[in-house]
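Student: Need a 3D model of the sequence below.
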Amino acid sequence: MKIGIIGAGSVGSATAFSLIMTGVAHRVVLIDMNKQKALAEAMDIAHAAPFTSAGKIIAGDYPDLQECEIVIVTAGANQKPGETRIDLLARNVKIFENIIPSIVKYAPNCILLITTNPADIMTEVALKLSGFVKERVIGSGTVLDTSRFRTLLAYYLGVSAKSVHADVLGEHGDSEVLIWSNAEAGTLTLDQFAQSVNKPLDDGKKAEITDGVINAAYKIIEGKGATCYGIAGALTQICRAIGNNDYSILTVSSHHQNVEGVNDVCLSLPTIINKTGIRHVIMPNLSSEEHEKLHKSAVTMKEYSEQALKLISDNKLA
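Tutor: Residues are numbered from 1 along each chain as shown. Coordinates of the predicted model:
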């Protein structure tokens, strides 16, 4: 599978490395405004590739995106310590006005995979700018947040994170919703499993884990300036599902006609992914409190998406 990556910063480079080293991509094209940076990253990754795969990576430009099955967009203004993803909105809309039409020109049949923050809103912007059908514009959504949730639960319960089934839905950001009501491990509800291993999940522990998930990015950014490895893993998993035609269920972000009474909004729900992109979206069973939180998240995303779409210049629309 040939994959293009727009942006050779920490996320783009880590993702390129992950795609090559896992063999998910047989060829990667890395594009950045800073051509010297893209070339250096591509060279460094190319020197590691022979240890695990026969993948090839090059630093290129938009014409090199021809025949790419997936184009990942990581480019955008950096999130600063203390800055929310929403604060990035205006700057990144302008960046997308240049990036998305160039992708469409040279890779008109690709699947767009958006991870630039605020990811849900930028997915909506990419959908509008590209003119693609909604099934081919996917946001990384809460795939990473779900991994964080499962990891913290697994550490506390003393099991593998792969054996914990628990999702985060809604926004990839402050209004995201951790779904406790239908989470499970070992065919037991999470609370039942926690009791069986003598690790009760009381309100205090749940609040601690919730805080750890929602504020993970802020803590990482404060400590080292950017997140990269977790999101690279999430993007690799999404690309694997597409490339292998897996029909995997992942909490990606996409455009929905209606979520909790909110029309035309991008956010994350459990979604079946295959080689065509979005195959089917699932509305899970939720508690009344979770329904309410998901509604609030959808309202928030709708509000900011409307603002973002107004920022797009008329001459940039596909």
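
Student: Where does Ile18 sit: helix, strand or coil?
Tutor: One thing to correct before we go on: residue 18 is Ser, not Ile. Classification of Ser18 using DSSP: H, G, I helix; E, B strand; the rest coil returns helix.

Student: er, Pro108 I mean
Tutor: Assigned with three-state DSSP, Pro108 falls in the coil class.

Student: Check it and give its pLDDT.
Tutor: Predicted confidence (pLDDT) at Pro108: the value is 97.

Student: burial of it, as a residue count?
Tutor: Using other Cβ atoms under 10 Å, Pro108 has 12 neighbouring residues. Placement of C-beta: from N, CA and C, glycine included.

Student: What of Ile272?
Tutor: 16.

Student: Centre of the chain to the strand or helix carrying it, how far?
Tutor: Per DSSP states H and E: Ile272 is located in strand 271-274. Distance of strand 271-274 from the chain centroid (Cα atoms, centre = their mean, to the nearest Å) equals 14 Å.

Student: Name the strands paired with that strand and say parallel or antiparallel.
Tutor: On the basis of DSSP bridges, the sheet neighbours of strand 271-274 come out as strand 248-250 (antiparallel), strand 277-281 (antiparallel).

Student: I'd like to know which of these is closest to Ile45.
Tutor: The closest of the strands paired with strand 271-274 to Ile45 is strand 248-250. By Cβ to Cβ, the value is 24.8 Å.

Student: moving C-terminal of that closest one, what's the next helix or strand?
Tutor: Sequence-wise, the next helix or strand downstream of strand 248-250 (DSSP H and E) is strand 253-259.

Student: Show me what the mean pLDDT comes to for that next one.
Tutor: Averaging pLDDT along strand 253-259 yields 96.

Student: Which secondary structure elements does it sit against?
Tutor: helix 119-130, strand 137-139, strand 262-268, strand 277-281, helix 288-311 (3 or more Cβ pairs under 8 Å, 6 or more residues apart in numbering; DSSP states H and E).

Student: least trustworthy helix or strand in the chain by mean pLDDT?
Tutor: helix 216-224 (a mean of 90; mean pLDDT, DSSP states H and E).

Student: got the buried residues for the helix or strand where Leu39 lies?
Tutor: In this structure, Leu39 sits in helix 35-48 according to DSSP H and E. Buried residues in helix 35-48, counted by 16 or more other Cβ atoms under 10 Å: Lys37, Ala38, Leu39, Glu41, Ala42, Ile45, Ala46.

Student: what residue ranges in the stretch 51-200 of the chain score low on pLDDT?
Tutor: Low-confidence segments of the stretch 51-200 of the chain, defined by pLDDT under 70: 79-81, 83-86.

Student: can you give me the helices for it?
Tutor: Taking DSSP state H, counting those that start in this stretch as the criterion, the stretch 51-200 of the chain carries its helices at 89-106, 119-130, 143-157, 190-196.

Student: ok, then the element right after the shortest one?
Tutor: Toward the C-terminus, helix 190-196 is succeeded by helix 203-214 as the next helix or strand (DSSP H and E).

Student: And Asp191, how close does it get to Leu311?
Tutor: Taking Cβ to Cβ, to the nearest Å as the measure, Asp191 falls 45 Å from Leu311.

Student: oh, I was asking about Ala54
Tutor: In terms of Cβ to Cβ, Ala54 sits 43 Å off from Leu311.

Student: Just want to know which of the two has more residues nearby.
Tutor: Ranked by neighbour count (other Cβ under 10 Å), Ala54 and Leu311 place Leu311 first, with 14 against 9.

Student: show me what contacts the more buried one?
Tutor: Residues in contact with Leu311 (Cβ atoms under 8 Å, 6 or more residues apart in numbering) are Leu89, Ala90, Val93, Lys94.

Student: any idea which of the residues you listed has the most stuff around it?
Tutor: Most neighbours among these, by other Cβ under 10 Å: Val93, with 22 neighbours.

Student: ok, that residue - contacts?
Tutor: For Val93, the contact set (Cβ under 8 Å, 6+ apart) comprises Met122, Val125, Ala308, Leu311, Ile312.
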